[in-house]
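K.L.:
Generate coordinates for the sequence data below:
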Amino acid sequence: MKKYDNSVAVLGGTFNPIHKGHLAMAITCHKEFGINKILIMPSADPSSYKDSNKVLPKEDRAAMVKLAIEDYDYLEFSDLELKREGRTYTADTLSELLKTYSHVDFIIGADSLFYLDKWYHADYVLKNCRFIAANRDQHSSADLKARIDFLEREFGAQIELMHMDCIDVSSTQVRDMVHENKDISDLVDEKVKAYIIEKGLYI
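P.N.:
Residues are numbered from 1 along each chain as shown. Predicted coordinates for the structure are as follows:
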């Protein structure tokens, strides 16, 4: 696999809250692809998400990301999308990053491969970055190969599959367990758990 100078990878999301599944994707990307700078980038505008009224203010989500990644020297918090007004689009984020870096990777779940071509300015995005997709046992190898072949053929996309164990955790699960006063130690970093408890979040 080709190595790039002055490159960066991005793991974005609502992070409401950040959990061990998110961290596992970033850690695996670092180990498998040798990427030594990964930006953890919370999104600003939650309006496009289901149950957006349950999304915490960006200050709390950012604080939890910073706590979760502080022990990893190759993970870096980025407020690039938090500072942007209005809707957050990957195309705009990529354009901004390419002013600084010669190559950009986006870390995604493999399910995103099935609608990448519907993204805002998909042509630009698919031609100007590489996607590293984590398959969490949701799709067969044949389905993924067919989809990747399509995106590479039709858009000139660069796509790599990341191999990682399935981690059965979601932010919804974390929020529900907090609401039910259940222990979330297995799902989030201890510092994130302490922050949630201290601030009385998701109750």
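
K.L.:
Could you verify that R84 is part of a helix?
P.N.:
No. The assignment for R84 (DSSP: H, G, I helix; E, B strand; the rest coil) gives coil, which keeps it out of a helix.

K.L.:
now the strands for the protein?
P.N.:
For the chain, the strands defined by DSSP state E occupy 7-13, 38-42, 75-77, 103-109, 130-134, 158-162.

K.L.:
Just send those back as JSON lines, with mean pLDDT, mean neighbour count and distance to N181 too.
P.N.:
No exception for glycine: its C-beta is placed from N, CA and C like everyone else's. Formatted as JSON lines, these follow (pLDDT from 0 to 100; neighbours: other C-beta atoms under 10 Å; distance: least, C-beta to C-beta, whole Å):
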{"stretch": "strand 7-13", "mean pLDDT": "96", "mean neighbour count": "21", "distance to N181": "26"}
{"stretch": "strand 38-42", "mean pLDDT": "98", "mean neighbour count": "24", "distance to N181": "26"}
{"stretch": "strand 75-77", "mean pLDDT": "98", "mean neighbour count": "17", "distance to N181": "29"}
{"stretch": "strand 103-109", "mean pLDDT": "97", "mean neighbour count": "21", "distance to N181": "29"}
{"stretch": "strand 130-134", "mean pLDDT": "96", "mean neighbour count": "22", "distance to N181": "31"}
{"stretch": "strand 158-162", "mean pLDDT": "95", "mean neighbour count": "18", "distance to N181": "35"}
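
K.L.:
possible to save these as TSV with distance to A26?
P.N.:
Listed next are the strands of the chain as TSV, based on distance: least, C-beta to C-beta, whole Å:
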stretch	distance to A26
strand 7-13	5
strand 38-42	5
strand 75-77	6
strand 103-109	7
strand 130-134	10
strand 158-162	10
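
K.L.:
ok, what's across the strand from the closest residue to A62 other than its chain neighbours?
P.N.:
Spatially, and ignoring its direct neighbours in sequence, A62 is nearest to P42 (5.7 Å; C-beta to C-beta, 6 or more residues apart in numbering). Counting by DSSP bridges, P42 forms beta bridges with G13.

K.L.:
contacting residues for P42?
P.N.:
By C-beta atoms under 8 Å, 6 or more residues apart in numbering, the residues touching P42 are G12, G13, T14, F15, K58, R61, A62, V65, D79, E81, L82.
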